[in-house]
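>>> Quick one, fold the following:
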Amino acid sequence: MTDIEQTLDPTGESQSPDVSQASGDGPSSRSSGALAPDERAADPATGDGHAPTAEGQAPKDDEAAEIEGELDELVKTARQRDDYLALAQRTQADFENYRKRVAREAAAARERGVGVLAKELLPALDNLDRALEAAADDDPLLQGVRLVRTELKGALARVGVESFCPLGEQFDPSVHEAVATAEQPPGGSPSGTVVEVYQDGYRLGESILRPARVVVAA
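Have a look, this model is predicted:
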C-alpha cells in the first residue's frame with residue numbers, strides 16, 4: 001500500500017486526499033512573510049506605534065505662553081512697586097526737609113520776638129541798677145528794688161537772654177562798645193584790655209542784643 005490511499009467514489013474514480021488541508025495551508029492561512037494590516041512597528045519617539053500629531057503639541061505651547069504672561073505680569077508689578085517705593089521715599093525726604101525748615105523758621109521767629117521784647121525791657125533794668133547804686137543802705141525800698149531786679153533778670157534768663165561783663169578781657173569791637181580809653185600806670189593792664197564796664201552787655205544765643213559799654217586801656 002502506498003502512503004496515500006486512493007479512495008473510490010461511487011462512480012469508480014479515485015480521489016486524492018486534499019493535501020492543502022492536511023498541511024494546514026489554504027485560503028485562511030497567512031503567508032509567513034506578510035504582516036496584518038493592524039500590525040505596525042512601534043514608533044521610537046512615541047512608543048505606542050502612532051506618530052506625534054500637531055494637536056498633541058498645542059497644550060504645551062499654550063501652557064508656556066501662559067507662564068510667560070504671568071512672568072511678565074510679575075515683572076511689571078515689581079517695577080511698579082519700586083516706583084511707588086521711590087516716590088514714597090522722596091515724599092518722606094521732602095516732608096522731613098520741610099519740617100526742619102519750618103522748625104528753624106519758627107525758632108528764628110521766636111528768637112526775634114524775644115529779642116525785641118528784651119530790648120524794650122533792658123532800659124528798665126538799667127534804671128533799677130542805677131536806683132540800687134544811688135539808694136542808701138537804710139532805705140526801706142532797697143529790698144523791694146532788689147527783688148524786682150532779680151525777678152526781671154530771671155525772666156530774661158529763662159527765655160535765653162543773658163548778661164555779660166567783659167572786665168579784664170581783651171577788647172572785641174563785635175561785642176564791646178568803647179566809650180573811653182584810660183592811660184595805665186607802669187605795670188598796669190595791657191593796652192586794649194577792658195579796665196572798666198559802664199554798662200553790662202546782653203546776648204540772646206549767638207546774637208548780641210546790646211554790646212557792653214566799656215573803658216579800654218590805652
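>>> Secondary structure element holding the residue nearest to the spatial centre of the chain?
Note on the chain: the residue nearest the mean C-alpha position is Q89, at 5.0 Å, using Cα atoms, centre = their mean. Element membership for Q89, per DSSP states H and E: helix 54-134.
>>> Could you check how far that helix is from the centre of its chain?
Helix 54-134 sits 10 Å away from the centroid of its parent chain (Cα atoms, centre = their mean, to the nearest Å).
>>> on contacts alone, who are the packing partners of it?
Here helix 54-134 touches helix 142-158, strand 201-204, strand 207-210, going by 3 or more Cβ pairs under 8 Å, 6 or more residues apart in numbering; DSSP states H and E. For the C-beta atoms, the positions are set from N, CA and C on the backbone; glycine is no exception.
>>> Comparing these, which comes out most buried?
Comparing the helices and strands packed on helix 54-134 by mean neighbour count (mean count of other Cβ atoms under 10 Å), strand 201-204 comes out on top with a mean of 20.
>>> how close does the residue nearest to the centre of the chain sit to F95?
11 Å (Cβ to Cβ, to the nearest Å).
>>> Residue ranges in this protein under the pLDDT threshold?
When residues are selected by pLDDT under 70, those of the chain lie in 1-59.
>>> 50 - rerun?
Applying pLDDT under 50 to the chain flags the ranges 1-53.
>>> any idea which element V216 lies in?
Using DSSP H and E, V216 falls within strand 212-217.
>>> list the buried ones in that strand?
Across strand 212-217, burial judged by 16 or more other Cβ atoms under 10 Å covers A212, R213, V214, V215, V216, A217.
>>> Kindly report the same for stretch 66-74.
Of all the residues in stretch 66-74, not one is buried under the rule 16+ other Cβ under 10 Å.
>>> Restrict it to CA atoms and write it as CSV.
This file holds the C-alpha atoms of stretch 66-74, laid out as CSV (Å, rounded to 0.1, in the frame of the first residue of the first chain):
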residue,chain,number,x,y,z
GLU,A,66,0.5,81.4,30.0
ILE,A,67,3.7,81.0,32.2
GLU,A,68,5.5,83.7,30.1
GLY,A,69,2.5,86.0,30.5
GLU,A,70,2.5,85.5,34.3
LEU,A,71,6.2,86.3,34.5
ASP,A,72,5.7,89.5,32.5
GLU,A,73,2.9,90.5,34.9
LEU,A,74,5.2,89.8,38.0
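>>> which other residues reach it?
Applying Cβ atoms under 8 Å, 6 or more residues apart in numbering, stretch 66-74 turns out to have no external contacts.
>>> And for stretch 194-213?
Stretch 194-213 is touched from outside by 111, 114-115, 118-119, 122, 126, 156, 160-171, 174-177, 179, 182, 184, 189, 214-217, with contacts defined as Cβ under 8 Å, 6+ apart.
>>> please redo it, this time with the cut-off set to 7 Å
111, 114-115, 118-119, 122, 126, 160-169, 171, 175-177, 179, 182, 189, 214-217 (Cβ atoms under 7 Å, 6 or more residues apart in numbering).
>>> Sounds good, over and out.
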